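Asker: Predicted model, plus sequence, below.
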Amino acid sequence: QLQLVESGGGLVQPGGSLRLSCTASGFTLKYFAMAWFRQAPGKERERLSCIDSSGSSTRHADSVKGRFTISRARAQNMVYLQMHSLKPEDTADYYCAAAGGTMTCAPEYDFWGQGTQVTVSS
């Protein structure tokens, strides 16, 4: 069964940092474009960051540019989202997603994780 699993969420104070991790069960992420999304209660899902299969191309939404960084470790089958300068408005469930292809940001994603919760609060 193909599955993505996120980890690393939790409670952090404003201004703090967290690193989210995403790995795959049942398949290799090596040939997939990956992305991180988030969804806060009552809000639409927002794509935050994308990375191509090689790891050489990334894009970030304006809302997180300069604060969040997506990266991948192909040999370890992992994708990360490093988050700095966290704000209360970053509070949400965070999801990783995978799409087949060579693009950086895909129009649709084939596989999704169950999400990890991030709460930014003092």
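Answerer: Ah, there it is.

Asker: For burial, what's the neighbour tally of residue 32?
Answerer: Neighbours of residue 32 under the rule other C-beta atoms under 10 Å: 25. In short, each C-beta sits where N, CA and C put it, glycine included.

Asker: For it, give its distance to residue 69.
Answerer: When C-beta to C-beta, to the nearest Å is applied, the distance between residue 32 and residue 69 equals 19 Å.

Asker: Please apply the same query to residue 26.
Answerer: Between residue 26 and residue 69 the distance is 27 Å, computed by C-beta to C-beta.

Asker: okay, the two: which has more neighbours?
Answerer: The residue with more neighbours, out of residue 26 and residue 69 and counting by other C-beta under 10 Å, is residue 69; that gives 17 against 9.

Asker: show me what contacts that one?
Answerer: Residue 69 is in contact with 49, 58, 60, 81, 82, counting by C-beta atoms under 8 Å, 6 or more residues apart in numbering.

Asker: okay, these in TSV with secondary structure next?
Answerer: As requested, the contacts of residue 69 are arranged in TSV below (DSSP: H, G, I helix; E, B strand; the rest coil):
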residue	secondary structure
49	strand
58	strand
60	strand
81	strand
82	strand
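
Asker: Helix or strand: which one has the nearest residue to residue 61 once chain neighbours are set aside?
Answerer: Nearest non-adjacent residue to residue 61, counting by C-beta to C-beta, 6 or more residues apart in numbering: residue 48, 5.2 Å away. In this assignment (DSSP states H and E), residue 48 forms part of strand 46-51.
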